[in-house]
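K.L.:
sequence and predicted model, in that order:
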Amino acid sequence: MKAVEGSLDQRFADSMGQLFGPEFPTDIGLAVSGGGDSMAMLYLAHNWARVWGVRLWVATVDHGLRAEAAAEAAMVAEECATLGWPHATLRWHWDGQGNVQDAARQARLGLLDRWRGGLRHVLMAHTQDDLSETFLIRLKRGSGVEGLSAMRAKRPAHVLTVVPGDISGEAPPAAPVKGGDFNVIRPCLEMRREELRHYLRTLQGKWVDDPSNDDTSYDRVRMRRLLSTLEAEGLGVETIAATARRMARAKEALCARALSVWQATGQEEHTAAGPTGDILFDRAGFGAVELDTQMRLLAAALQFVSTSSYRARAEATEAVLDRVLSGGAATLQGCEVRSIGEMIRIYREPQAVRNQFSVVGDNALWDGRWRVFHHTLKGLAIRALGEDGWAQLGVRPEGTPVFQTARSLPSVWDGDRLVACDAMGHGPGNTTQLWPMGQQMNGFASFLLSH
């Protein structure tokens, strides 16, 4: 498919240059649903890749929520075959639990992570319209700087669990050693949705319209319609997108301040026996800084410890903060926050991990962030230490966690017998290694700046 004079091709190339330059990877993934935005991105990437000698790999996620989805994935596969690029269909099977939209978003990232092999970059076709709609949705929910900041054109995708589903078609080759996050790349964030549709019409490209885009039961559809009204009052897509970008710059400054306070007052707990996964703040130093920084650090710590995809609501976070700074304790987002002596401690709530089990050797994460992989422990169970485990510890080395926080630590069991709990100095020691995984891999400071 030929580039059209005066089309978006040059702007797309400029965006890719800014996001990847000066050296492009040899292979890049694309998430293409079959809708107008993603199909336009496919054609733009096709024209760009032929010039720069980059190989594209295309994936379509079929969430199984609409009967038409399978045909749409087939349409994308046919068009990829015409263009000469490999394609795969990733089928998700929803278990009916939780919010379907949130679950679908997480499933999309999880399936793309399974499919991507050694790819480190996957393009997604978010536009300036998406950015503005998201701003209005979050404004309606009362979000502050964090929520109103523009989505980034490049960000790491944090995938914590393996998402069940079927993958058919061609997948990129696996990396020699797979690990770490992949990057979500949004090269169309400066483009309007109608520009992309015009590009498709000019090139006589194919796309499908999702009927849910007209379903006013969705916030995004209502905000999309509201934008057409706001445009007449000077509050159109470009104006709102510009505000979101200014919010993103403000967020960077606030994150830098939070990082400075973290380095002065905080620590990830490592006992002499091993890491606990807990976040600690010096109570006096933390209590002396401004409220916004306290809120930012507490919200990030809760998300870090719980491995949640989202931060807790501001009102709930502030209520916990007030209680803890007054010397009390509170629970939020599957964590407990408690003042213990000179420190404020954020640790996993025992109730949140009471029923979590996995098996050594099955390559599964326990609580989304711990893996026990030593070969001598294969087949044994991983679960929280709990009260029964605490009772079996015997003499506890000095400096190990107290009862309140120790109960949620990962430990290895043979039936009812406690075999190992590294952080408590119990068991064979280094023959059992409990590693923080996923978003924890690079530490809290990195997490603070990337979320």
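P.N.:
Perfect, thanks for sending it. Numbers count the residues shown, from 1 in each chain.
K.L.:
give the next helix or strand downstream of the longest helix seen in the chain.
P.N.:
Ordering each helix of the chain by length in residues (DSSP state H) puts helix 237-265 first. Using DSSP states H and E, the helix or strand that follows helix 237-265 in sequence is strand 266-270.
K.L.:
parallel or antiparallel, which strands does the helix or strand just after that next one pair with?
P.N.:
Remark: after strand 266-270, the chain's next helix or strand is strand 275-282, criterion DSSP H and E. Strands adjacent to strand 275-282 in the sheet, as given by DSSP bridges, are strand 266-270 (antiparallel), strand 343-348 (antiparallel).
K.L.:
pick out the shakiest of those strands, pLDDT-wise.
P.N.:
Lowest mean pLDDT within the strands paired with strand 275-282: strand 266-270, at a mean of 92.
K.L.:
report the inter-axis angle for that one versus helix 237-265.
P.N.:
60 degrees (axes from the mean of the first three to the mean of the last three CA atoms, to 10 degrees).
K.L.:
would you mark the buried spots in strand 266-270?
P.N.:
Within strand 266-270, the residues scored as buried using 16 or more other CB atoms under 10 Å are 266, 268, 269. To be clear about C-beta, it is placed using only N, CA and C from the backbone, and glycine gets the same treatment.
K.L.:
who's in contact with residue 91?
P.N.:
62, 64, 165, 166, 167, 168 (CB atoms under 8 Å, 6 or more residues apart in numbering).
K.L.:
any idea how far residue 113 is from the residue nearest to the spatial centre of the chain?
P.N.:
The residue lying closest to the centre of the chain (CA atoms, centre = their mean) is residue 158, at 3.9 Å. Using CB to CB, to the nearest Å, we find residue 158 at a distance of 10 Å from residue 113.
K.L.:
can you pull out the helices in the stretch 351-451 of the chain?
P.N.:
Using DSSP state H, counting those that start in this stretch, the helices of the stretch 351-451 of the chain run over 386-392, 403-406, 443-450.
K.L.:
highest average neighbour count across these?
P.N.:
Highest mean neighbour count of the helices of the stretch 351-451 of the chain: helix 403-406, a mean of 18 (counted as mean count of other CB atoms under 10 Å).
K.L.:
alpha carbons only: can I get it in PDB?
P.N.:
Extracted in PDB, the C-alpha atoms of helix 403-406 (Å, rounded to 0.1, in the frame of the first residue of the first chain):
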ATOM      1  CA  PHE A 403       4.200 -11.300  64.700                       C
ATOM      2  CA  GLN A 404       2.000  -8.700  63.100                       C
ATOM      3  CA  THR A 405       3.900  -8.400  59.900                       C
ATOM      4  CA  ALA A 406       5.500 -11.900  59.700                       C
END
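K.L.:
on that earlier part again, I'd like the helices of the stretch 351-451 of the chain as JSON lines, with mean pLDDT and distance to residue 146 appended.
P.N.:
Output for these, formatted as JSON lines (pLDDT from 0 to 100; distance: least, CB to CB, whole Å):
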{"stretch": "helix 386-392", "mean pLDDT": "96", "distance to residue 146": "35"}
{"stretch": "helix 403-406", "mean pLDDT": "92", "distance to residue 146": "28"}
{"stretch": "helix 443-450", "mean pLDDT": "85", "distance to residue 146": "12"}
